[in-house]
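Q: I'll drop the sequence and a predicted model, then ask my questions.
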Amino acid sequence: MLTQTNTSPGCGTGETTPPPTTPPPTTPPPASGCTATLTVVGDWGSGWQGRVDVTAGSAALSGWSLKWTWPGSQRVSSSWNADLSQTGATVTADDVGWNGSVAAGQSREAFGFVASGPSAAPQVTCSSA
């Protein structure tokens with residue numbers, strides 16, 4: 001003899017209620033111009049590696065220029081895929097031609113670097129070039 005003890009809707013009827021879903025939060029692209037994000041991808045104590053991603057706004061980019069200021073004694077020792085310079089704590093980086101194009105509303109990994117000092121991910125200012 002089989003007795004149903006759970007009287008929840010759909011119990012024992014083969015019906016299933018899908019779990020509620022919430023779409024993942026998304027950050028909309030900027031309305032115009034561009035944004036950039038610096039991410040620490042590796043840290044070995046005496047140095048670290050950073051990656052910079054550029055996101056285009058509502059219009060495609062044919063080039064970008066970035067600027068940020070380190071919060072402390074950080075110093076870029078090498079970089080790739082950017083024309084990068086540092087004066088004091090201020091860093092500027094420009095695309096190198098082939099990596100300047102970013103489609104409207106899209107992101108691309110723009111360049112990377114190795115730095116000394118404590119790892120940091122300061123706010124990056126992006127402008128279309």
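A: Received the coordinates, thanks.
Q: How about the secondary structure of the most centrally placed residue in the chain?
A: Residue closest to the average C-alpha location in the chain (CA atoms, centre = their mean): residue 37, at 4.7 Å. Per DSSP: H, G, I helix; E, B strand; the rest coil, the secondary structure class of residue 37 is strand.
Q: Next: the one 5 residues further on.
A: Following three-state DSSP, residue 42 is assigned to strand.
Q: For it, give me its contacts.
A: 48-49 (CB atoms under 8 Å, 6 or more residues apart in numbering). (C-beta placed from N, C-alpha, C; glycine too.)
Q: and the gap between it and residue 125?
A: Applying CB to CB, to the nearest Å, the value for residue 42 to residue 125 is 24 Å.
Q: try residue 63
A: 15 Å.
Q: One more: residue 73?
A: Distance from residue 73 to residue 125, by CB to CB: 21 Å.
Q: So the two - more neighbours on which side?
A: Comparing residue 73 with residue 125 by other CB atoms under 10 Å, the one with more neighbours is residue 125, at 15 against 10.
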